[in-house]
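# let's see this in three dimensions:
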Amino acid sequence: MTTLTKSYIYAVIAAGATVLATSLLEWNSSASLVWLGYLLLASLAAPVKLRLPGMNGTYSLSFPFILFGICHFTLPETLVAGCLAALVQSAVNANSKPTPIQVLFNMANIAVSVGACFLLTGMAPISQAGRFQPVALALAAAAYFVVNTVLVSGILSLLQKKRLSEVCEQWYVWSFPYYLLGVALVGLTLVSGESLRDGAWVVLLPLAYLVHFFVGLAELRPTSSGSAQTGSTLPAKARTYVVTILLAALALLSVAAWKWESKDPLRLIAYLALAAVASTLKVRLPRITGTLSVNFVLLLVALAELSFSETVLMSAIAGAVQVVWKPKHRPALVQVLFSSSCLALSAGLAWIAGKWAVQASGIDLGMMGLLALSTTILYFSNTLMVSAVLSLAQTGATSGVWKNCCFWSFPYYLAGAAAAGLMVMTARTAGWQSSLLVFPLMGLLFVSYRIHVTQAGVRQADPSAA
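Alright, predicted model coming up:
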């Protein structure tokens, strides 16, 4: 270990000790049963670790509990829980016995990261931020992610003699979807200052599926795939199917235009512009002729906040932009129209189903229930329509194409739904303008996911790589 590496480690430990000691001097906790229960849960979550592809270490599920402390407890209370969780994470369920320096460094990292969050939020729990709670939560989570990433990537960079950017790409980009989902889950506890409600526990499901997804990436094997036929070379059945979808979308757009309604044109313009930008952030998935973009996050927000006409219009434009923006091959007009039509039909169906569930059935789904229903319908209808045309064009089984599409796209939709929920919550508490501040998180998720897919593609082509 070089002198520079030792100096870096000792500097971080000293900084963490200073933050912890200073905060403990202000300790005024009554050690309530709620805090003791939180302390226990944070400690139990710390040993739950997952080793992901391309990583030399493990990722723990303790982050949501640390963020919960930042939201609802004081700095010293959160630091005690965070440092205890770091101690448990280092010592329990480890491949090798950690050294005291490693344990101290991990605890100091947590202390500095948590201290940065409280400093950014005015040294008070986020629950006291009034109507700006969602914005404060997003800022605190971003601060924690950045500080934690830089501190640990710094020591790994020195030990492995690699560039800092390279370490971040190979290691911490994998954890960002978990951070995002943790923020969404904890953010739900801030809604109207109440505890989890409206079936918000369903956000736990993405965590389980993401574990399955990332483990599945490591098990991928090289495969070959045929190329889809496009344009005028489509088989007769595929052409008939495409024409049917285009006519259905035309009818839907006609209804949307006939019943046009827009309560806030400025908000529509802002969401529409953001959806167009999001459509340019695309990921090309292995073994699939097509791309996946971030625009569905804005579509989910539109389903909750905009009218039927606005939602259909936004979906149609987003689908077209996604195809024409920097394609691998110049798309035919029918491809542009089909993509636009599929997204418009899916969004329209999701909007109608959501309103029917709330109005016709008399069931109060709440924000999370409505968002879950909208996400499900938007996802399944769009992926099934696209999988069907790919199956007809490639003369393959629709179920096989759809299964492959699900593996790659479903976790992305889950993480996006969590971000959309955070945007909707922010819009309803702090105004739609403030909700736009949450969307940049999806940019980071896009970068993370693109790296996942790229590395998986390399492993498929050459299993000995990565």
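
# just name whatever secondary elements the helix or strand containing residue 342 is in contact with.
Taking DSSP states H and E as the criterion, residue 342 maps to helix 333-359. The criterion is 3 or more CB pairs under 8 Å, 6 or more residues apart in numbering; DSSP states H and E, and the helices and strands that helix 333-359 contacts are helix 236-258, helix 295-305, helix 308-324, helix 366-394. No exception for glycine: its C-beta is placed from N, CA and C like everyone else's.

# which residues sit against the second one?
If I follow you right, that is helix 295-305. Residues outside helix 295-305 that contact it (CB atoms under 8 Å, 6 or more residues apart in numbering): 267, 271, 274-276, 278-279, 310-311, 314-315, 318-319, 321-322, 343, 347, 350-351, 354, 367, 370-371, 374-375, 378, 413, 416-417, 419-420, 423-424, 427, 432, 435, 439, 442.

# with stretch 116-134 instead?
By CB under 8 Å, 6+ apart, stretch 116-134 touches 70-75, 78, 135-137, 139-141, 143-144, 147, 187, 190, 193, 422, 425-426, 429-430, 434-435, 438.

# pLDDT (mean, whole number) over it?
Taken as a whole, stretch 116-134 has a mean pLDDT of 82.

# that one: end-to-end distance?
Length of stretch 116-134, first residue to last, CA to CA, to the nearest Å: 18 Å.

# list the buried residues for it?
116, 117, 118, 120, 121, 125, 126, 127, 129, 132, 133, 134 (16 or more other CB atoms under 10 Å).

# rewinding a little: report the mean per-residue pLDDT for the helix holding residue 342.
On average, helix 333-359 scores 85.

# show me what counts as buried in that helix.
334-351, 353-354, 357-358.

# which residue is nearest the centroid of this structure?
residue 415 (3.2 Å; CA atoms, centre = their mean).

# what about residue 167, neighbour count?
Residues lying near residue 167 (other CB atoms under 10 Å) number 21.

# quick one: residues contacting it.
Per CB under 8 Å, 6+ apart, neighbours of residue 167: 153, 156, 157, 160.

# buried members of the residues you listed into PyMOL, please.
To isolate the buried members of the contacts of residue 167 in PyMOL, using 16+ other CB under 10 Å:
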select buried, resi 153+156+157
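
# return the member of the contacts of residue 167 nearest to residue 166.
Nearest to residue 166 out of the contacts of residue 167 is residue 157 (CB to CB; 7.8 Å).

# isn't the closest one up against residue 163?
Yes. Applying CB atoms under 8 Å, one finds residue 157 in contact with residue 163, separated by 6.7 Å.

# which residue ranges of this structure form strands?
Applying DSSP state E to the chain gives strands spanning 49-50, 59-60, 282-284, 291-293.

# which one of those strands lies closest to residue 7?
Taking those one by one with CB to CB, strand 59-60 is closest: 27.0 Å.

# got a list of what the closest residue to residue 320 other than its chain neighbours touches?
Leaving aside its sequence neighbours, residue 320 sits nearest to residue 340 (CB to CB, 6 or more residues apart in numbering; 4.3 Å). If you count contacts by CB under 8 Å, 6+ apart, residue 340 has them with 249, 315, 316, 317, 319, 320, 323.

# please report how far residue 340 lies from residue 182.
Residue 340 sits 35 Å away from residue 182, going by CB to CB, to the nearest Å.

# residue ranges with poor pLDDT in the stretch 251-400 of the chain?
Scanning the stretch 251-400 of the chain for pLDDT under 70 picks out the ranges 285-290, 358-368, 394-400.
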